[in-house]
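S.K.: the following block contains a protein sequence and its predicted model.
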Amino acid sequence: MLIVLNADASAQEIQTVVDAVRSHGWDPKPMPGASRTAICVLGNKGPVDPDLFASMPGVVQCIPVTKPYKLVSRETHPDDSVVEVNGVPIGGKSAFAVIAGPCAVESRQQILDTAAFLKGHGVRLMRGGAFKPRTSPYAFQGLGEQALQWLAEARQQYGVGIVTEATDHENIAMVEQYVDVVQIGARNMQNFSLLRRAGASPKAVLLKRGMAATIDEWLMAAEYILNGGNRRVILCERGVRTFSDHTRNTLDLSSVPVVKKMSHLPIIVDPSHAAGVREFVPPLSYGSRAVGAHGIIVEIHPDPAKALSDGAQSLPFDQFREMLKRL
Ligand code: PEP
Ligand code: MN
């Protein structure tokens, strides 16, 4: 349930409601908002009787929350959330955000060249994997902390904010020291200990949709992170598994307007892992913008033919430049 208070409710009135919720053994979570003060009641096993709080001083309304996810739901937070990363706002009515970079960090030169190129084109967020979740144990696994150090150097030199993946509960502590956004990949969307740990992170989290996850499951995964105290979550649609085999995954663009209806969190699209082939990345990027996504995260590489992972779906710089113009 959501307890809505007057916009000008006093600190004392808010505290009295918080204490009353606690006295029932439930967890009160204040919900920040521009136009009102609200307290979300969590941890209740059954329905909460609105009469318990409705007549308390400052309370204007008690609204039952019908969804299993509470903190990510629009019911509890009607205004769009905007997550700011390295001075770039993502979400709400902010400009369409572009995150670009290689699938994996391969060398210092590759990362510095990419960061210089991005800076020259006004792109202020760079991706690059240091820990790669690979299907085969024999495939390139990423360069780990060395890669994080090169990313940090690129950040320092060119001012690009860094997005990189933490693949497990062990490496997230190292990753979050170097980056602006910790990515949780599709294969880890329901890694609950990682989600809980991300909830305690001081860094923003990019949560990709699992390749067989429903939107409810995806939002419940985000709920873990918000429930841990980290409200800076960006959702990322990256395609799901279907019977279609003409692209690597099937980009579910319909999830964008659906998620925007259900949740206040920003949602971006990864057209690269959806397509699997570079030729289809630009049209899927334009489509993402057209359906209302708040941005894209796209793979680019200075020399895709030599990439150690996902070269086939990576755009060379000149093709990325063309795409940016049309976007
Ligand atoms: C990636 O971003 O490099 C990646 C592995 O993505 P996903 O988790 O969507 O497959
Ligand atoms: Mn990749």
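M.R.: Structure received. Just so we're clear, the structure is a prediction, and the values are computed from it rather than from any experiment. Ligands and ions are numbered 1, 2, ... in the order given.
S.K.: can you pull up the most central residue in this protein?
M.R.: Residue closest to the average C-alpha location in the chain (Cα atoms, centre = their mean): I234, at 2.3 Å.
S.K.: confirm L148 sits in a helix?
M.R.: Yes: in this structure, L148 lies within a helix as judged by DSSP: H, G, I helix; E, B strand; the rest coil.
S.K.: buried residues in stretch 52-68?
M.R.: 52-53, 58-59, 62, 65, 67 (16 or more other Cβ atoms under 10 Å). For the C-beta atoms, the positions are set from N, CA and C on the backbone; glycine is no exception.
S.K.: would CSV of the residues you listed with distance to ligand 1, pLDDT and secondary structure be doable?
M.R.: Listed next are the buried residues of stretch 52-68 as CSV, based on distance: Cβ to the nearest ligand atom, whole Å; pLDDT from 0 to 100; DSSP: H, G, I helix; E, B strand; the rest coil:
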residue, distance to ligand 1, pLDDT, secondary structure
L52, 43, 94, helix
F53, 42, 94, coil
G58, 45, 92, coil
V59, 43, 94, strand
C62, 40, 94, strand
V65, 30, 87, coil
K67, 25, 87, coil
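S.K.: let me know the closest of the residues you listed to L315.
M.R.: Closest approach to L315 among those (Cβ to Cβ): K67, at 37.6 Å.
S.K.: with adjacent residues omitted, what lies nearest to the closest one?
M.R.: Spatially, and ignoring its direct neighbours in sequence, K67 is nearest to S73 (4.8 Å; Cβ to Cβ, 6 or more residues apart in numbering).
S.K.: what is that neighbour paired to in the beta sheet?
M.R.: S263 (DSSP bridges).
S.K.: who's in contact with it?
M.R.: Each residue near S73 by Cβ atoms under 8 Å, 6 or more residues apart in numbering is listed here: 65, 67, 219, 262-264.
S.K.: apply 7 Å and report the result again.
M.R.: When contacts are counted by Cβ atoms under 7 Å, 6 or more residues apart in numbering, S73 is found next to 65, 67, 262-263.
S.K.: phi first, then psi, for the residue of the chain found nearest ligand 2.
M.R.: When distances are taken as Cβ to the ion, the chain approaches ligand 2 most closely through C103, which lies 3.2 Å from it. Here is the backbone geometry of C103 (degrees, to the nearest 10): phi -60, psi -50.
S.K.: and it, how many neighbours?
M.R.: 24 (other Cβ atoms under 10 Å).
S.K.: tell me the phi and psi of the nearest residue to it once chain neighbours are set aside?
M.R.: Once flanking residues are discounted, C103 sits nearest to D310: 3.8 Å by Cβ to Cβ, 6+ apart. Reported as degrees, to the nearest 10, the phi and psi values for D310 are phi 60, psi 30.
S.K.: before we move on, the earlier item: and of the buried residues of stretch 52-68, the nearest to A305?
M.R.: For the buried residues of stretch 52-68, with A305 as the reference and Cβ to Cβ as the criterion, the closest is K67, at 46.7 Å.
S.K.: touching, the closest one and E75? I think so.
M.R.: Yes: under the criterion of Cβ atoms under 7 Å, K67 is in contact with E75, at a separation of 6.3 Å.
S.K.: so which helix or strand takes in the residue of the chain most remote from its centre?
M.R.: Counting by Cα atoms, centre = their mean, the extreme residue of the chain relative to its mean C-alpha position is S55, 38.2 Å from that point. Secondary structure here is read from DSSP states H and E; on that basis S55 sits in neither a helix nor a strand.
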